[in-house]
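S.K.: Sequence and predicted model, in that order:
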Amino acid sequence: MNAENKEAAEAAMDRFHEAYEAKYPKATEKQLKDREALLAHFEYPAEHWIHLRTTNAIESTFATVRLRTKKTKGAGSRSAGLAMAYKLLEAAQAPWRCVNAPHLVALVRAGATFVDGVKVERWGRPGTRPRGCRRVW
């Protein structure tokens, strides 16, 4: 789902539920049950959404280890398996792309609040200030 904000995403989920409830009741039930988890990425910076929406990095990384383990018909001992997995994962991380907007990671870890990908100031909506409050540069 590539909605611009949480309201649009919720509306799309509602339309999906109405359209497919009769044909796919288990899928629509699961979607309703996990609604908050599915929309959780809207509580993070918009620049990070692309990383939060995909599991490709995890899948492609472990695919390397899985393929090598199948080819060698097991790793032998536990320590040999750990060493092989470590070296394969170390080699697999070389082409990974960097996190978009790494400067925002510190804000997320500090507990900053984001609504629809925009940082919310402590007094309310994004970009608003109480009356009489001047911006200090």
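M.R.: Structure received.

S.K.: Thought Leu39 was touching Glu10, still the case?
M.R.: Yes. Taking contacts as Cβ atoms under 8 Å, Glu10 lies within contact range of Leu39: 7.0 Å. To be clear about C-beta, it is placed using only N, CA and C from the backbone, and glycine gets the same treatment.

S.K.: quick one: contacts for the spatially most central residue of the chain?
M.R.: Centroid check for the chain by Cα atoms, centre = their mean gives Leu52 as the closest residue, at 1.5 Å. Listed by Cβ atoms under 8 Å, 6 or more residues apart in numbering, the contact set of Leu52 reads 41, 44.

S.K.: Make 340 the first number, not 1, from now on.
M.R.: Will do, 340 is the new start, and the previous item becomes Leu391.

S.K.: Over to it: give its phi and psi.
M.R.: phi -80, psi -30 (degrees, to the nearest 10).

S.K.: quick one: low-confidence ranges for the chain?
M.R.: Where the chain drops to pLDDT under 70, the residues are 340, 394-397, 414, 461-476.

S.K.: re the thing from before, distance of the residue nearest to the centre of the chain relative to Lys372?
M.R.: Distance, Leu391 to Lys372, by Cβ to Cβ, to the nearest Å: 20 Å.

S.K.: Ala379 too?
M.R.: 14 Å.

S.K.: Going along the chain, name the strands of this protein.
M.R.: With DSSP state E, the ranges of strands along the chain come out as 453-454, 457-458.

S.K.: which one of the ones you listed is the most hemmed in?
M.R.: Counting by mean count of other Cβ atoms under 10 Å, strand 453-454 has the highest mean neighbour count of the strands of the chain, with a mean of 16.

S.K.: for Glu386, what are its contacts?
M.R.: 439-440, 443, 456.
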